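# Sequence and predicted structure below; questions after.
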Amino acid sequence: MLTAVVVPLLWLSDRAVNIDEPLFLWLGEQIQRAPFDFFGFDVNWYGTAQPIYAVTRNPPLVGFLIAAAGDASERSLHLLFLIPAVVAAWATWALARRFCGQGWPAALLTVGAPVFLVCANTVMSDVPMLALWLVALLCWVRGADGEGDGWLWCAGAVTALGVWTKFFAVALVPLLAVHAIFARLSPRRVTLPLCLPLLSLGGLEVVMLSRYGAGAIGQALAEALHLEGIARPTLVRQWSEGLAFAGGCVTPALVFLPWLWGARVCAAAAVAVLAFVALSPGSLAAVGLPLAVGASEAAATSARWFALEFALMSVGGLSLLALGLREVRAGFDADRALLVLWLLGSFIFAAFVNWTNNGRSNLVLAPVAAILIMRRLSLRGVWARRTGPLLAGAACLVFAFAVAAADRALSNGVRDAARELVARHGGDQTLWFHGHWGLQYYLQGQGARPVDWRLDTLRPGDRLIVASNNAESHHPDAASAELIDLLAWPATGWIQTQAKARGASFNASNLGPVPFLVGPASPDQYRVYRVRQTIRFERWFDWADRAAASD
């Protein structure tokens with residue numbers, strides 16, 4: 001089991017930082033400078049400088065972990081984050097032994113979910129929170145099983161640490177409380193342990209309010225509940241993206257379909273998938289995903305291929321939900337209540353509550369999906385007696401590694417492209433850029449500047465880099481700037497975890513309704529403009545639709 005975790009992550013550990021990882025690295029740098037003022041800096045992440053707590057919406061504990069590592073290299077940081085990945089796999093093994101008697105197969109299926117290896121090869125808060133989540137559950141069920149109230153207190157303390165790692169960990173409080181009710185634990189035994197994470201969250205709120213005048217809870221809710229003017233997708237689209245992300249991130253739910261549900265269900269799923277593909281792009285529009293298709297045969301083929309992958313992932317998502325619903329049909333006890341609410345609550349949060357669906361929000365599904373799969377396979381008696389499920393499990397591991405390797409290639413390509421862009425266009429003139437994530441980290445580290453639409457003015461002769469496969473990237477009009485360079489950075493492999501033009505984004509469903517796509521990869525494009533007229537930025541997202549203001 002440990003080999004399945006450590007070996008792939010060691011192989012992938014030269015991955016460049018990307019997506020939201022720079023925010024955690026900058027937080028670690030700030031903590032090294034001023035540990036008691038951890039959020040005391042601004043960052044330009046959405047087009048203008050904002051306090052870091054208004055951008056990350058994450059607690060600071062992982063920043064302290066990064067700060068403790070000192071000036072570690074990218075590889076060293078990845079090796080440090082191997083520890084929570086190993087802990088998460090071990091805790092899944094221990095929980096699966098308790099819930100289904102199949103420890104190591106469930107742990108391997110957790111690692112065999114693409115979302116696990118992709119997230120475990122980052123330096124963000126997701127896998128550390130998952131490790132604490134699983135350890136807290138393990139401690140709690142041991143206490144509930146009569147091994148002593150110390151385990152219940154340990155569960156509360158570990159959950160409190162989880163809350164300082166990622167706010168979603170507070171969802172453990174109602175989850176554990178429901179388990180306590182079904183397990184008939186006395187309120188006297190569980191109330192105080194369950195208060196520990198609430199006190200931890202309250203303590204962070206007090207610190208935030210006293211130090212920065214902004215509460216952590218309010219900041220997190222404002223983003224999750226779309227209180228800041230972010231348009232919420234339609235309910236139909238949330239359902240469709242939720243199923244696709246759950247099934248794509250946790251592929252064992254699809255791969256094990258024949259052994260979970262039998263030949264009839266597989267046949268019905270195959271017919272539904274083929275019909276969905278045949279009716280695309282109309283079928284995609286019916287589930288809230290209108291797809292613009294060109295007149296060429298190649299464009300139509302691309303649309304059908306996208307529809308096929310979307311449909312398969314959605315079948316996997318439906319299979320995952322069906323596992324939970326089947327447990328409900330079998331009758332509720334403490335174990336089933338815990339597993340079902342863990343599964344359904346996590347799915348609902350990722351699909352309907354969080355401001356956008358993404359792979360990281362679905363990470364907590366991987367262990368419970370593995371446990372439920374093994375419970376179902378054990379009940380049907382197919383795991384130990386057939387080689388098919390064993391081969392399917394191995395295929396899941398290989399595919400998860402391929403997806404993580406594709407994400408590594410994407411991130412390393414962004415780093416290399418940033419270095420090439422600075423080598424070509426760095427000089428005496430100011431080098432600006434649109435786009436964030438890893439591109440910002442590496443361009444800014446070499447002296448380039450992200451455009452601040454409130455403050456900055458671009459002068460004639462300045463250079464502006466605009467990344468295509470990125471966020472917050474907008475092109476100037478022809479009168480204001482001329483295109484002088486187009487860098488098409490080649491993509492490698494046949495999987496893409498971030499391809500806005502093709503409808504895939506592991507990081508945000510508003511940039512792509514599936515977490516990844518299999519197929520020929522398209523290159524990332526970086527356009528470099530020379531400013532002709534002085535450009536001032538008065539407002540944000542409408543820049544491409546108006547003439548830039550000039551002197």
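Yes, it's here. Residues are numbered from 1 along each chain as shown.
# What segments of the stretch 251-400 of the chain are helices?
In the stretch 251-400 of the chain, the segments counted as helices under DSSP state H, counting those that start in this stretch are 252-255, 257-261, 263-278, 282-286, 297-329, 334-348, 365-380, 387-425.
# Mind putting these into JSON lines with distance to residue 59, mean pLDDT and mean neighbour count?
Just so you know, the C-beta spots here come from the backbone N, C-alpha and C atoms, and that holds for glycine as well. JSON lines is the format used below for the helices of the stretch 251-400 of the chain (distance: least, CB to CB, whole Å; pLDDT from 0 to 100; neighbours: other CB atoms under 10 Å):
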{"stretch": "helix 252-255", "distance to residue 59": "30", "mean pLDDT": "96", "mean neighbour count": "26"}
{"stretch": "helix 257-261", "distance to residue 59": "37", "mean pLDDT": "92", "mean neighbour count": "19"}
{"stretch": "helix 263-278", "distance to residue 59": "41", "mean pLDDT": "94", "mean neighbour count": "14"}
{"stretch": "helix 282-286", "distance to residue 59": "38", "mean pLDDT": "87", "mean neighbour count": "16"}
{"stretch": "helix 297-329", "distance to residue 59": "28", "mean pLDDT": "89", "mean neighbour count": "19"}
{"stretch": "helix 334-348", "distance to residue 59": "19", "mean pLDDT": "95", "mean neighbour count": "20"}
{"stretch": "helix 365-380", "distance to residue 59": "21", "mean pLDDT": "91", "mean neighbour count": "25"}
{"stretch": "helix 387-425", "distance to residue 59": "24", "mean pLDDT": "92", "mean neighbour count": "19"}
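# Any regions of the stretch 1-150 of the chain where pLDDT drops low?
Applying pLDDT under 70 to the stretch 1-150 of the chain flags the ranges 1.
# What segments of it are helices?
2-11, 21-33, 53-56, 61-68, 74-80, 82-99, 103-111, 114-120, 126-142, 149-163.
# With respect to burial, which of these scores highest?
Among the helices of the stretch 1-150 of the chain, helix 114-120 has the highest mean neighbour count (mean count of other CB atoms under 10 Å), at a mean of 28.
# just checking, what packs against that one?
helix 2-11, helix 82-99, helix 126-142, helix 235-249, helix 365-380, helix 387-425 (3 or more CB pairs under 8 Å, 6 or more residues apart in numbering; DSSP states H and E).
# so can I have CSV of the ones you listed showing distance to residue 475?
Shown next, in CSV, are the helices and strands packed on helix 114-120 (distance: least, CB to CB, whole Å):
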stretch, distance to residue 475
helix 2-11, 38
helix 82-99, 39
helix 126-142, 32
helix 235-249, 27
helix 365-380, 37
helix 387-425, 16
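# Just give me the neighbour total for residue 70.
Using other CB atoms under 10 Å, residue 70 is surrounded by 9 other residues.
# List phi and psi for it.
Backbone torsions for residue 70, taken as degrees, to the nearest 10, come to phi 70, psi -150.
# ok, it - contacts?
Counting by CB atoms under 8 Å, 6 or more residues apart in numbering, residue 70 touches residue 32.
# and the gap between it and residue 77?
According to CB to CB, to the nearest Å, residue 70 and residue 77 sit 10 Å apart.
# What of residue 167?
23 Å.
# number of nearby residues for the residue nearest to residue 399 when sequence neighbours are not counted?
The shortest distance from residue 399 to any non-neighbouring residue, by CB to CB, 6 or more residues apart in numbering, is to residue 251 (6.2 Å). Residues within reach of residue 251, counting by other CB under 10 Å, total 24.
# Quick check: residue 251 touching residue 400?
Yes - assessed by CB atoms under 8 Å, residue 251 is found in contact with residue 400 at 7.2 Å.
# Which neighbours do the two have in common?
Residues touching both residue 251 and residue 400 by CB under 8 Å, 6+ apart: 112, 113, 114.
# would you list those in JSON lines and tack on distance to residue 462?
Converted to JSON lines, the shared contacts of residue 251 and residue 400 look like this (distance: CB to CB, whole Å):
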{"residue": "112", "distance to residue 462": "48"}
{"residue": "113", "distance to residue 462": "45"}
{"residue": "114", "distance to residue 462": "41"}
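# mind saving the C-alpha coords of the helix or strand that residue 180 is a member of as PDB?
For residue 180, the host element (DSSP states H and E) is helix 172-182. C-alpha atoms of helix 172-182 as PDB (Å, rounded to 0.1, in the frame of the first residue of the first chain):
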ATOM      1  CA  LEU A 172     -17.000  16.600  10.600                       C
ATOM      2  CA  VAL A 173     -18.900  18.100  13.600                       C
ATOM      3  CA  PRO A 174     -22.400  17.300  12.400                       C
ATOM      4  CA  LEU A 175     -21.200  14.100  10.800                       C
ATOM      5  CA  LEU A 176     -19.700  12.800  14.100                       C
ATOM      6  CA  ALA A 177     -22.800  14.000  16.000                       C
ATOM      7  CA  VAL A 178     -25.100  12.000  13.800                       C
ATOM      8  CA  HIS A 179     -22.900   9.000  14.200                       C
ATOM      9  CA  ALA A 180     -23.100   9.500  18.000                       C
ATOM     10  CA  ILE A 181     -26.900   9.600  17.900                       C
ATOM     11  CA  PHE A 182     -27.100   6.400  15.900                       C
END
